[in-house]
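A.B. asks: All I have is the shape, not the residue letters:
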């Protein structure tokens, strides 16, 4: 088990992931060039799922060890329920927001763009499909994946506490089989889940394995000179291929077979090159960002860390605000200054929510004098 106490690196990275997801959800926003998706195969979603698996193992494995599997497992289900409730509330608010904006600006295409037109035509059936996680508007795919992984995690965590390497191997085999046979869950009204849970579960389990001793087993590799050189070369290759997908001038300079192998990036099924990119990137973070780094106490990082500590609330607010930001850029002004304004305002509001939730939780814990 990792040492007790908060690992502020996780809060910092999860806060960055929340901010990046917000920026990435705003099409035509130049500010999202600050996020990692433009410089490699993986993006903030990979980081979010990995850290979620790491945190779930770190928190609930200790409960299982100290209080038993039944209590630890029920706490996991309780957390999944909390995420589910947040998802349903966000779903209703999200649909209402898009419906209002579509009518406010007389732009019915917004309903199709965000995949909520079906709700307007058949609200009862669409709402039911939303309750069973089959209906997901655009940008609302992460929480259903998180809910499903948390619900299925108790037996995996029980096994991981006894046979961690075997559990990780089984998870990887499921990942390979799902990719080979094209396993996925059906979405409503058509298609399948954008984040294939049979594939993305490996990143979640890998995060749990890393928390429960995997970091110690991987330490020789993380600190090896071979990873430093080969990993750096791979990150550089990923940068070139990603830039080729952004700029046709670069794509025309390389063979078509090489370009087609990595573009478009297979995010749905967590392509192996994407998975390797994230693992290399995270191993570099583990190597060069120690747990006791003094920079984690710098004031400049406090908003990020606070946003990571209140991750669920910040994520939900970011998804909601991204729609408004997109409409502002489309209907009001798409100028670069407006892109900066909606980005800064959105992140400021997300951070304010994080600070408020932190204050509120501390106030609830305070003892009331009798």
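C.D. replies: Alright, I've got the coordinates. Treat the numbers as computed from the prediction; the structure is a model and nothing was measured. Numbers count the residues shown, from 1 in each chain.

A.B. asks: low-confidence ranges in the chain?
C.D. replies: Along the chain, segments meeting pLDDT under 70 span 1-2, 367-370.

A.B. asks: change it to 90
C.D. replies: Residue ranges of the chain with pLDDT under 90: 1-7, 58, 108, 117-121, 189, 291-292, 295, 361-370.

A.B. asks: Would you map the helices across the stretch 101-250 of the chain?
C.D. replies: Taking DSSP state H, counting those that start in this stretch as the test, the helices found in the stretch 101-250 of the chain are 109-113, 117-121, 123-131, 142-162, 164-181, 197-209, 215-217, 219-222, 225-246, 248-251.

A.B. asks: closest one to residue 92 among these?
C.D. replies: The closest of the helices of the stretch 101-250 of the chain to residue 92 is helix 123-131. By C-beta to C-beta, the value is 8.3 Å. Where you see a C-beta, it was placed from the backbone N, CA and C, and this is true even at glycine.

A.B. asks: Show me what counts as buried in the closest one.
C.D. replies: When burial is assessed from 16 or more other C-beta atoms under 10 Å, helix 123-131 yields the following buried residues: 126, 129, 130.

A.B. asks: Which member of these is positioned nearest residue 204?
C.D. replies: residue 130 (22.7 Å).

A.B. asks: Quick check: which element contains the nearest residue in space to that closest one that is not next to it in sequence?
C.D. replies: In this structure, residue 130 finds its nearest non-sequential neighbour in residue 91, 5.2 Å apart by C-beta to C-beta, 6 or more residues apart in numbering. Using DSSP states H and E, residue 91 maps to helix 69-104.

A.B. asks: Does anything pack onto that helix? Which helices or strands?
C.D. replies: helix 44-67, helix 109-113, helix 123-131, helix 142-162, helix 311-327 (3 or more C-beta pairs under 8 Å, 6 or more residues apart in numbering; DSSP states H and E).

A.B. asks: which other residues reach the third one?
C.D. replies: With C-beta atoms under 8 Å, 6 or more residues apart in numbering as the test, helix 123-131 has contacts from 88, 91, 118, 119, 135, 136, 188, 189.

A.B. asks: One more: stretch 10-25?
C.D. replies: For stretch 10-25, contacts defined as C-beta under 8 Å, 6+ apart pick out 29, 31-32, 34-37, 43-45, 47-48, 51, 54-55, 139, 142, 285, 296, 301, 303-309, 311, 314-315, 318-319, 321-322, 326, 343, 346-347, 350, 354.

A.B. asks: Can you turn the buried part of these into a PyMOL selection?
C.D. replies: Paste this into PyMOL to select the buried members of the contacts of stretch 10-25, with burial taken from 16+ other C-beta under 10 Å:
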select buried, resi 29+31+32+35+36+37+43+44+45+47+48+51+54+55+139+142+296+301+303+304+305+306+307+308+309+311+314+315+318+319+321+322+326+343+346+347+350+354
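
A.B. asks: circling back to that earlier point, would you reformat the helices of the stretch 101-250 of the chain as JSON lines and include distance to residue 69?
C.D. replies: Below are these laid out as JSON lines (distance: least, C-beta to C-beta, whole Å):
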{"stretch": "helix 109-113", "distance to residue 69": "45"}
{"stretch": "helix 117-121", "distance to residue 69": "40"}
{"stretch": "helix 123-131", "distance to residue 69": "29"}
{"stretch": "helix 142-162", "distance to residue 69": "6"}
{"stretch": "helix 164-181", "distance to residue 69": "15"}
{"stretch": "helix 197-209", "distance to residue 69": "15"}
{"stretch": "helix 215-217", "distance to residue 69": "24"}
{"stretch": "helix 219-222", "distance to residue 69": "29"}
{"stretch": "helix 225-246", "distance to residue 69": "36"}
{"stretch": "helix 248-251", "distance to residue 69": "52"}
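
A.B. asks: Buried deepest among those helices, which one?
C.D. replies: Neighbour counts (mean count of other C-beta atoms under 10 Å) averaged over each of those peak at helix 197-209, with a mean of 24.

A.B. asks: Contacts for that one, please.
C.D. replies: Contacts of helix 197-209 (C-beta under 8 Å, 6+ apart): 46, 49-57, 61, 145, 148-149, 152-153, 156-157, 160, 164-165, 167-168, 171-172, 174-175, 177-179, 183-185, 214, 268-270, 275, 278-279.
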